[in-house]
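> Generate a structure from the sequence data that follows.
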Amino acid sequence: GAGPEILDDHVGLADQVENGVRSFGGTTSMMFRTIARNKRSVTLDLRAPEGADAILDLVRQSDVIIENFRPGTLERWNLGPDRLAEVNPDIVLVRISGYGQNGPYKDKTGFGGVAEAFGGLRHITGYPDRESVRAAAPIGDILAGLHGAVAALVMLLARRRDGAHSRPAVADVALYESVFMAVESLVPDYDAYGINRERTAGNLPGVVPSGVYPCRNGSVMIAGNSSRVFGRLMEAVGRPDLANDPTLADGDVRYQREAEIDEAITLWTTQYEAAEAVTELDAAGVPVGEILSAADIVDNEHFRSRSMLQSHKIRIEDDLEEVRMPGVVPQFDGVATPVRWVG
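Model (predicted):
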């Protein structure tokens with residue numbers, strides 16, 4: 001089938017993505033086109049009666065509404081959950097905000113970067129001897145969107161089930177809580193062991209060996225932190241003594257000897273080009289990958305084979321340019337989902 005129809009409503013005020021976010025040429029940024037691919041867009045002023053009426057007409061024909069205003073905004077426009085349910089009793093509503101629909105911080109302005117700080121991620125990201133850093137991707141926004149999508153599916157499935165059971169119709173997704181879910185045992189480790197995690201560069205505490213290792217050109221990411229993979233990795237880098245050390249089957253012991261293990265791996269990787277190191281470790285059954293830039297990705301056979309790079313003609317300034325857009329995740333039944341149009 002054609003799949004769900006997604007309408008992206010840019011409400012009243014100029015869209016934030018198009019005002020100050022990564023537009024290097026032309027009138028529409030590639031970031032907006034990427035986010036809006038396969039969506040239809042319309043701009044409405046919901047504070048005006050005509051805009052509100054247009055939204056309610058769309059609600060009558062829709063299954064899911066997703067909004068990301070500050071709590072109370074839709075209610076002030078008389079477009080809150082009760083009003084939407086009057087128009088379409090089957091509608092499900094996903095509400096995404098910085099701090100959630102209730103609690104003492106609910107009225108605070110919230111963006112993804114602030115949520116990453118408040119949710120605990122920023123404090124543990126970066127090097128211990130300097131200020132924390134932000135990942136070069138909108139982690140908070142992406143995680144909240146994924147949690148919102150899951151919430152919408154849960155509510156739609158509940159709506160379809162027969163019998164007497166709860167049928168939730170409104171999901172409350174907070175940006176900071178979506179980030180907090182990603183830091184896993186941050187707080188349980190604090191309560192159980194008194195560990196207040198700090199920044200540890202690119203490694204996760206206790207996950208050894210796992211990290212970026214230098215090669216003759218560039219570097220590779222190696223994840224040898226399970227006991228069986230660790231043994232194969234040590235054999236591959238010429239350290240059978242470490243592979244056969246029974247104490248190193250214990251992850252806690254590997255953590256205590258992290259510097260020794262990392263040195264052994266680095267001595268081996270620096271003898272190879274990155275691609276050669278990947279080939280050797282692939283053959284040994286060790287999870288490994290080159291660290292790819294955009295220029296590397298567009299030349300990568302695996303990205304191309306799975307249609308994760310889909311070309312479209314896009315007007316930039318006065319010329320049509322061939323632009324490779326990200327594909328769609330997931331594939332269904334082994335068939336890649338096409339990018340039918342860009343925003």
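> In three-state terms, label I314 for me.
Recorded secondary structure, I314: strand (DSSP: H, G, I helix; E, B strand; the rest coil).
> ditto for V42
Using three-state DSSP as the criterion, the local structure at V42 reads strand.
> What is the burial count for it?
V42 is flanked by 13 other residues according to other Cβ atoms under 10 Å. C-beta coordinates here come from the backbone N, C-alpha and C atoms, glycine included.
> residues contacting D107?
With contacts defined as Cβ atoms under 8 Å, 6 or more residues apart in numbering, D107 is in contact with 70-72.
> can you rerun that using 7 Å?
In this structure, D107 makes contact with 70-71, judged by Cβ atoms under 7 Å, 6 or more residues apart in numbering.
> Need the three-state assignment for it.
D107 falls in the coil class when you classify it by three-state DSSP.
> following the helix or strand of the chain with the lowest mean pLDDT, which helix or strand comes up?
When the helices and strands of the chain are compared on mean pLDDT, DSSP states H and E, strand 7-11 comes out lowest with a mean of 61. Along the chain past strand 7-11, the next helix or strand (assigned with DSSP states H and E) turns out to be helix 30-35.
> what helices or strands is that next one leaning on?
The helices and strands touching helix 30-35, judged by 3 or more Cβ pairs under 7 Å, 6 or more residues apart in numbering; DSSP states H and E, are strand 319-326.
> The strand it packs on - which strands sit beside it in the sheet, and in what orientation?
strand 309-316 (antiparallel) (DSSP bridges).
> Any chance you could list what contacts stretch 123-135?
113, 116, 122, 197-201.
> now do 10 Å
Contact with stretch 123-135 is made by 112-113, 116-117, 121-122, 139-140, 183, 186, 196-202, 204-205, as judged by Cβ atoms under 10 Å, 6 or more residues apart in numbering.
> of those, buried ones?
Burial of the contacts of stretch 123-135 was assessed by neighbour count (16 or more other Cβ atoms under 10 Å); the buried members are 112-113, 116-117, 121-122, 139-140, 183, 186, 197, 199-200.
> Could you dump these into CSV with secondary structure and distance to Q331 added?
Formatted as CSV, the buried ones among the contacts of stretch 123-135 follow (DSSP: H, G, I helix; E, B strand; the rest coil; distance: Cβ to Cβ, whole Å):
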residue, secondary structure, distance to Q331
G112, helix, 27
G113, helix, 31
E116, helix, 29
A117, helix, 35
L121, coil, 29
R122, helix, 33
I139, helix, 24
G140, helix, 26
V183, coil, 29
L186, helix, 33
R197, coil, 36
R199, coil, 36
T200, strand, 35
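> I'm done for today, thanks for sticking with me.
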